[in-house]
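Colleague: With the input below, show me the fold.
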Amino acid sequence: MTDHFSTIAVHAGEERRKPYGALTTPIVQTSTYTFADTAEVVDFMQHKTANDPAARDEYGRYSNPTQSAAEHKIAALERGQEALLFASGMCAITTTVLALLSSGDHLLMVRDSYRRTRDFALKCLSRWGIEVTLMSAQVVNTGSAAEAWAAAIRPNTRLILAETPTNPYLRVIDLSQMTAVARERGVITLLDSTFATPINLRPLEHGVDLVMHSATKYLAGHNDMLAGAVVGRPELVAPIREMRGILGGVSSPHDAYLLIRGLKTLALRVRRQNENAERIAQFLEEQPAVCRVYYPGLPSHPDHDTARRQMTGFGGVVSFEIGGDTEKTGRFVDLLNLPYIGPTLGGVESIVQQQAMFVSLDPGERQASGITDNLVRFAAGIEDADDLIADLSQALSRL
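Modeller: Now for the predicted structure:
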């Protein structure tokens with residue numbers, strides 16, 4: 001079609017002529033699809049047995065036309081072959097891992113990842129006989145990262161699970177080193193690219209096997225639905241599709257419709273959020289009340305060179321540490337007027353959080369999580385950057 005992401009976001013994945021002459025892809029709100037006669041059932045089963053993606057819909061837990069349109073659009077944006085939609089980002093991660101791993105396998109995972117992903121790996125997989133090793137992003141981002149990956153891979157390592165940029169310190173994994181070692185050892189790579197979006201990074205182009213998104217965040221972009229997505233080659237997607245049909249974590253037609261609507265403005269929104277976050281990061285780095293800023297677009301970030309080489313934009317999230325204790329950091333968050341306080345990101349509204357408070361109210365548990373009490377995560381929306389910076393400035397000045 002085109003190499004321009006704004007055009008892909010609007011047009012990819014949708015039929016040109018839709019039912020009833022509608023412009024937008026309709027919500028096909030049904031759980032069951034009927035057949036005209038036995039011959040049609042036999043024809044469908046032949047296509048299904050052959051894993052033909054052109055096979056028609058049978059039952060809502062397996063597929064839906066609205067869902068399929070969203071999947072095709074996401075695959076086109078990631079420049080992948082196939083995509084699957086799920087009820088949430090966590091459902092996408094858990095279903096994929098369960099489809100690819102068996103008892104006795106080994107999962108190699110970057111420690112600097114979403115905490116619920118770590119919880120699933122450490123609390124659930126071990127119960128089912130799957131070994132898990134956590135690696136620090138600091139180790140895998142050094143000049144000897146290839147050696148670090150190679151040393152951590154075992155004979156039974158089946159999957160590497162990473163995230164870039166990571167949450168909340170925005171470490172950027174060097175994908176070329178990770179995927180080169182994984183290919184050599186026959187290990188599948190799965191990357192959570194939620195923070196990057198296809199606008200800023202296309203992991204498949206860097207050799208990653210499977211890309212995952214919490215579509216709730218940037219892809220949908222309006223904080224009004226839940227969804228997850230996985231993109232990759234047909235032979236890798238097939239067992240995940242089968243597992244999704246068994247576990248039942250499918251996205252609803254209405255959520256798929258909202259996702260399609262959100263995807264059409266993805267390029268516009270992400271570019272604005274990139275610009276806002278970069279300006280906010282530059283502003284914060286100059287403030288005496290802020291002791292450290294984490295943003296891949298800043299030369300002070302430890303992975304800035306990797307981000308410049310690998311990404312086309314640095315993302316809409318800025319993390320920073322206030323010079324003070326837990327109470328002072330909470331007071332700063334409360335003094336802000338524009339961003340909402342909440343646990344998510346990627347929407348048109350700016351959202352802020354003192355991240356440790358969303359981990360636990362127990363100081364010991366917060367310390368064990370690796371997240372400092374004075375860390376603030378600011379997810380920039382599409383507001384005017386001058387207004388966001390003015391709001392940050394007044395809150396800092398009142399500390």
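
Colleague: Could you list the low-confidence segments of the stretch 51-200 of the chain?
Modeller: Applying pLDDT under 70 to the stretch 51-200 of the chain picks out residues 53-54, 138-144.

Colleague: how about the strands of it, start to end?
Modeller: Using DSSP state E, counting those that start in this stretch, the strands found in the stretch 51-200 of the chain span residues 82-86, 106-110, 131-135, 157-163, 188-192.

Colleague: just the ones you listed: most buried one?
Modeller: Of the strands of the stretch 51-200 of the chain, the one with the most neighbours on average (mean count of other CB atoms under 10 Å) is strand 82-86, at a mean of 26. (C-beta placed from N, C-alpha, C; glycine too.)

Colleague: who does that strand touch, helix- and strand-wise?
Modeller: Packing partners of strand 82-86 (3 or more CB pairs under 8 Å, 6 or more residues apart in numbering; DSSP states H and E): helix 65-77, helix 89-100, strand 228-232, helix 234-247.

Colleague: how does the protein divide into domains?
Modeller: Per automatic domain parsing, the structural domains of the chain span 5-28+64-263, 266-397.

Colleague: Adding distance to residue 37, write these out as JSON lines.
Modeller: Converted to JSON lines, the domains of the chain look like this (distance: least, CB to CB, whole Å):
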{"stretch": "domain 5-28+64-263", "distance to residue 37": "21"}
{"stretch": "domain 266-397", "distance to residue 37": "42"}
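
Colleague: Out of those, which is closest to residue 56?
Modeller: Nearest to residue 56, of all the domains of the chain, is domain 5-28+64-263, at 9.4 Å by CB to CB.

Colleague: Give me the neighbour count for the residue lying closest to residue 216 once chain neighbours are set aside.
Modeller: Excluding its sequence neighbours, the residue lying closest to residue 216 (CB to CB, 6 or more residues apart in numbering) is residue 226, at 5.0 Å. By the measure other CB atoms under 10 Å, the count of residues near residue 226 is 19.

Colleague: Then residue 111?
Modeller: Around residue 111 there are 17 residues (other CB under 10 Å).

Colleague: how about the helices in the stretch 151-300 of the chain?
Modeller: Ranges of helices in the stretch 151-300 of the chain, per DSSP state H, counting those that start in this stretch, are 175-185, 197-200, 234-247, 253-263, 266-285.

Colleague: Using PDB, list the CA coordinates for the shortest one.
Modeller: Meaning helix 197-200. Extracted C-alpha coordinates of helix 197-200, given in PDB (Å, rounded to 0.1, in the frame of the first residue of the first chain):
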ATOM      1  CA  THR A 197       4.400   1.700  19.400                       C
ATOM      2  CA  PRO A 198       4.900   0.900  15.700                       C
ATOM      3  CA  ILE A 199       5.400   4.600  15.000                       C
ATOM      4  CA  ASN A 200       8.700   4.700  17.000                       C
END
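
Colleague: thinking residue 212 is in contact with residue 232, fair?
Modeller: No - with contacts counted by CB atoms under 8 Å, residue 212 stays clear of residue 232, the gap being 9.3 Å.

Colleague: and residue 389, how far is that from residue 276?
Modeller: Using CB to CB, to the nearest Å, we find residue 389 at a distance of 9 Å from residue 276.

Colleague: which of the two has more neighbours?
Modeller: Per other CB under 10 Å, whichever of residue 389 and residue 276 has more neighbours is residue 276, with 25 against 16.

Colleague: Quick check: closest non-adjacent residue to that one.
Modeller: With sequence-adjacent residues excluded and distances taken as CB to CB, 6+ apart, residue 276 is closest to residue 380, at 4.0 Å.

Colleague: and the one you found, what is it in contact with?
Modeller: Taking CB atoms under 8 Å, 6 or more residues apart in numbering as the criterion, residue 380 is in contact with 273, 276, 277, 280, 316, 317, 318, 350, 388.

Colleague: Could you identify the most distant pair in those residues?
Modeller: Top of the distance list for those (CB to CB): 317 and 388, 13.2 Å.

Colleague: When these two are compared, which one has more neighbours?
Modeller: For residue 317 versus residue 388, the count of surrounding residues by other CB under 10 Å is larger for residue 317: 26 against 22.

Colleague: Can you pull the phi and psi angles for that one?
Modeller: Phi and psi for residue 317, reported as degrees, to the nearest 10, are phi -110, psi 130.

Colleague: Out of the contacts of residue 380, which comes closest to residue 157?
Modeller: Comparing those against residue 157 with CB to CB places residue 317 closest, at 30.2 Å.

Colleague: Check whether that closest one really touches residue 379, as I assumed.
Modeller: Yes - taking CB under 8 Å as the definition, residue 317 is a contact partner of residue 379 at 5.1 Å.

Colleague: any residues in contact with both of those two?
Modeller: With CB under 8 Å, 6+ apart as the test, residue 317 and residue 379 both reach residue 345.

Colleague: coming back round to it: just so I know, which of the domains of the chain lies nearest residue 46?
Modeller: That would be domain 5-28+64-263 among the domains of the chain, by CB to CB, at 16.9 Å.

Colleague: From the chain's centroid, how far away is the closest one?
Modeller: Computed by CA atoms, centre = their mean, to the nearest Å, the chain-centroid distance of domain 5-28+64-263 equals 7 Å.

Colleague: Start and end of that domain, how far apart?
Modeller: Start and end residues of domain 5-28+64-263 are separated by 10 Å (CA to CA, to the nearest Å).

Colleague: Next: stretch 167-175.
Modeller: Taking CA to CA as the measure, stretch 167-175 stretches 17 Å from start to finish.

Colleague: which residues are contacting that stretch?
Modeller: The list of residues contacting stretch 167-175 from outside it, by CB under 8 Å, 6+ apart, reads 110, 112-114, 137-138, 140-141, 145, 162-166, 191, 195, 203, 206-208, 294-296, 301-303, 306-307, 310-311, 315, 317, 319, 355, 371, 375, 377.
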